[in-house]
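Peer 1: pasting the structure only:
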Ligand code: HEM
């Protein structure tokens, strides 16, 4: 007598579990893991504070329009992280041409980004996913 009730109950549980799975998005985007728009903006703001504090690179940004740079960096991070943004700035080659950015300077900016993500408690695998998206830009930025 108890058997059919148990199996109906189990069947209902399985159905609920499957419905639960179906309701979940298949993959979280990197953008979501970075905390969405708020998260991305916080990372970029924190990174620019660290850049300003780093003697290896602060001078390079001294004459920059930081409001514009902050907006464009946030767009860029959002776009490469599969967020709902379109990057509207110049290409990496165009925007760094004539600056003769060195590897040391490039690494210093990446370091600023890593420390910003550490401060904001972004999980290490998520940090690495963003760094992997930015790494190919290295050759477009240095010695240009
Ligand atoms: C991961 C490394 C880097 C990324 C992702 C990056 C990204 C960007 C972006 C998105 C812009 C805005 C482009 C535009 O104006 O339309 C920009 C501009 C600029 N970047 Fe970089 N950059 C990097 C490294 C560096 C380094 C190492 C330096 C020099 C030390 C540098 C110096 C500048 C300067 C001075 C500007 C112009 C800002 C302005 O006056 O508007 N960047 N960068």
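Peer 2: Cool, the structure landed. Just so you know, these numbers come straight off a predicted model, no measurement behind them.
Peer 1: burial measure for residue 86, as a count.
Peer 2: The number of residues packed near residue 86 is 8, by other C-beta atoms under 10 Å. To be clear about C-beta, it is placed using only N, CA and C from the backbone, and glycine gets the same treatment.
Peer 1: excluding residues flanking it in the chain, which one is nearest it?
Peer 2: Distances taken as C-beta to C-beta, 6 or more residues apart in numbering place residue 79 nearest to residue 86, at 6.3 Å, with adjacent residues excluded.
Peer 1: cool, residue 48 as well?
Peer 2: Closest residue to residue 48 apart from its sequence neighbours, by C-beta to C-beta, 6+ apart: residue 70 at 6.0 Å.
Peer 1: which helix or strand contains residue 68?
Peer 2: Per DSSP states H and E: residue 68 is located in helix 66-80.
Peer 1: quick one on the thing from earlier: and the pLDDT at the residue nearest to residue 86?
Peer 2: Per-residue pLDDT puts residue 79 at 98.
Peer 1: isn't it up against residue 89?
Peer 2: No. Residue 79 is not in contact with residue 89 according to C-beta atoms under 8 Å; the separation is 10.2 Å.
Peer 1: looking at these two, which is more packed in?
Peer 2: residue 79 (17 against 14).
Peer 1: residues contacting the more buried one?
Peer 2: Counting by C-beta atoms under 8 Å, 6 or more residues apart in numbering, residue 79 makes contact with 85, 86, 87.
Peer 1: now this structure, which segments are flagged as low pLDDT?
Peer 2: For the chain, applying pLDDT under 70 flags the ranges 1-26.
Peer 1: what segments of it are helices?
Peer 2: Applying DSSP state H to the chain gives helices spanning 2-23, 30-33, 36-52, 66-80, 92-96, 103-119, 124-134, 138-141.
Peer 1: in CSV, list those helices along with distance to residue 58.
Peer 2: Formatted as CSV, those follow (distance: least, C-beta to C-beta, whole Å):
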stretch, distance to residue 58
helix 2-23, 48
helix 30-33, 28
helix 36-52, 5
helix 66-80, 12
helix 92-96, 16
helix 103-119, 9
helix 124-134, 20
helix 138-141, 17
